[in-house]
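Asks: Below: sequence and its predicted model.
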Amino acid sequence: MEKIASFTVNHLVLDPGLYLSRQDQVGERTLNSYDLRFTAPNRELVMNTGEMHTIEHLAATYLRNDPEFKDEVIYFGPMGCRTGFYLILTDAVEAADVLDLLKRTFDFVAQFEGEIPGATARDCGNYLDHNLEMARYYGAKYLDTLNQIEDLSFAYQD
């Protein structure tokens, strides 16, 4: 059986960042899958499920309400290894706009106060597993990572 592309990334040298993980053709559109890497795999602690769950709720809410790009957001969700998230956008979002959109998203996460959207027993299958304080911490940490990105190819390092 052939390895899938994400299992060929060298996780021994992968640093926190924003990477273009794959591109898939769907009809006449290209879907761009981004690797939003929050922690260095196998070198830093992974995120706990509470903060990941809260980041998922906050970031998905922000992205799906963005006035310019909400219709271009296909998916936002956690990586199983708990070192980051995946974001799938259509090809209508240019690289510079991806970076700007994510900076705004994680500024929102870092500054968020109040009730977590969708965190009720009615709306969420695990509504008690949230950690807003740590979600804000990781949101600010990832925003710092995004603010250092200059290469808009979002290529993985070797």
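Replies: Perfect, thanks for sending it. Numbering: from 1, shown residues only.

Asks: Going by C-alpha atoms from here, please, whenever you check contacts or count neighbours.
Replies: Noted.

Asks: ranges for the strands of the protein?
Replies: Defined through DSSP state E, the strands belonging to the chain, from first to last, are 17-26, 29-37, 73-78, 84-90.

Asks: Rebuild these as JSON lines, extending it with mean pLDDT.
Replies: Below are the strands of the chain laid out as JSON lines (pLDDT from 0 to 100):
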{"stretch": "strand 17-26", "mean pLDDT": "97"}
{"stretch": "strand 29-37", "mean pLDDT": "98"}
{"stretch": "strand 73-78", "mean pLDDT": "98"}
{"stretch": "strand 84-90", "mean pLDDT": "98"}
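
Asks: Relative to Gln148, which of the ones you listed is closest?
Replies: Nearest to Gln148, of all the strands of the chain, is strand 17-26, at 8.9 Å by CA to CA.

Asks: Which strands and helices lie in contact with that closest one?
Replies: strand 29-37, helix 132-147 (3 or more CA pairs under 8 Å, 6 or more residues apart in numbering; DSSP states H and E).

Asks: CA atoms only for it - export them in CSV, please.
Replies: Once non-C-alpha atoms are left out, strand 17-26 reads as follows in CSV (Å, rounded to 0.1, in the frame of the first residue of the first chain):
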residue,chain,number,x,y,z
GLY,A,17,4.3,27.3,10.6
LEU,A,18,1.8,27.3,7.7
TYR,A,19,2.3,24.8,4.9
LEU,A,20,0.5,24.0,1.7
SER,A,21,-0.1,20.3,2.4
ARG,A,22,-1.9,19.3,-0.9
GLN,A,23,-3.9,20.5,-3.8
ASP,A,24,-6.9,18.5,-5.2
GLN,A,25,-8.7,19.2,-8.4
VAL,A,26,-12.5,19.0,-8.0
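
Asks: Now that strand: buried residues?
Replies: Of the residues in strand 17-26, 17-21 count as buried by neighbour count, 16 or more other CA atoms under 10 Å.
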